[in-house]
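Participant: Got a sequence here, can you build the structure:
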Amino acid sequence: KLNNVRRDDDATTRVVRQTTDAVCERWRTHEHAAADSWSDEQRSLAGLLVFHVGLWRAFGSKAFIQSLGFLHDLQSWNQETWRHVVETALACFQKGIPCFTDAYLPNRACSFAEGWAMRMCPDKSVALATARSLYEQVCQQHLCNLWQHRNEIAA
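Facilitator: Here you go, the predicted structure:
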């Protein structure tokens, strides 16, 4: 199977949709600056929506998306702000719940490493350190550029 032709109706997409419903409604009901433009609040919300969908898909599992939710007050993306994301992912990991999906790349490589740490690593401290490193790597290497360009993408 090369592609999920029903991706708009798969379980993970439904979770993403449910998690963003309130934000989308807030965007729709916000006053427009003009009939053909977005207000500052709408631009900000659109940027946050773009970023969150990228963040959730960088990990990819329904459980991670549900655990993290939508970070409404996110104002920056740095080691301080992504600590919550890493801790949320680690909480899932410690319950034996994968955060990465193996449905597509580059998540698949992370999924394999996470799975090894979760199920096969004999040393729990090494397993936890491996998971933490994977989650931090995604936050730092994969999401910093998305954060910087979220508003441009949304526009």
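Participant: for this structure, what are the low-confidence residue spans?
Facilitator: 1-8, 31-36 (pLDDT under 70).
Participant: rerun at 90
Facilitator: The chain contains residues with pLDDT under 90 at 1-17, 19-42, 60-61, 101-109, 142, 155.
Participant: where exactly do the helices run in it?
Facilitator: Listed in chain order, the helices of the chain (DSSP state H) span 11-29, 40-59, 62-68, 79-94, 107-119, 124-137, 144-154.
Participant: Can I get the second one in PDB, CA atoms only?
Facilitator: Listed next in PDB are the C-alpha coordinates belonging to helix 40-59 (Å, rounded to 0.1, in the frame of the first residue of the first chain):
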ATOM      1  CA  ASP A  40      -4.300  40.000  13.300                       C
ATOM      2  CA  GLU A  41      -6.000  37.500  15.600                       C
ATOM      3  CA  GLN A  42      -7.000  35.300  12.600                       C
ATOM      4  CA  ARG A  43      -3.400  35.500  11.200                       C
ATOM      5  CA  SER A  44      -2.100  34.400  14.500                       C
ATOM      6  CA  LEU A  45      -4.600  31.500  14.800                       C
ATOM      7  CA  ALA A  46      -3.900  30.400  11.300                       C
ATOM      8  CA  GLY A  47      -0.200  30.300  12.000                       C
ATOM      9  CA  LEU A  48      -0.800  28.300  15.200                       C
ATOM     10  CA  LEU A  49      -3.000  25.900  13.300                       C
ATOM     11  CA  VAL A  50      -0.300  25.300  10.600                       C
ATOM     12  CA  PHE A  51       2.300  24.800  13.300                       C
ATOM     13  CA  HIS A  52       0.200  22.400  15.400                       C
ATOM     14  CA  VAL A  53      -0.700  20.200  12.400                       C
ATOM     15  CA  GLY A  54       3.000  20.000  11.500                       C
ATOM     16  CA  LEU A  55       3.900  19.300  15.200                       C
ATOM     17  CA  TRP A  56       1.300  16.500  15.500                       C
ATOM     18  CA  ARG A  57       2.300  15.000  12.100                       C
ATOM     19  CA  ALA A  58       6.000  15.100  13.100                       C
ATOM     20  CA  PHE A  59       5.100  12.500  15.700                       C
END
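Participant: chain center to that helix, what's the gap?
Facilitator: 9 Å (CA atoms, centre = their mean, to the nearest Å).
Participant: helices or strands next to it in the packing?
Facilitator: Where contact means 3 or more CB pairs under 8 Å, 6 or more residues apart in numbering; DSSP states H and E, helix 40-59 is packed against helix 11-29, helix 62-68, helix 107-119, helix 144-154. No exception for glycine: its C-beta is placed from N, CA and C like everyone else's.
Participant: Nothing else from me, thank you.
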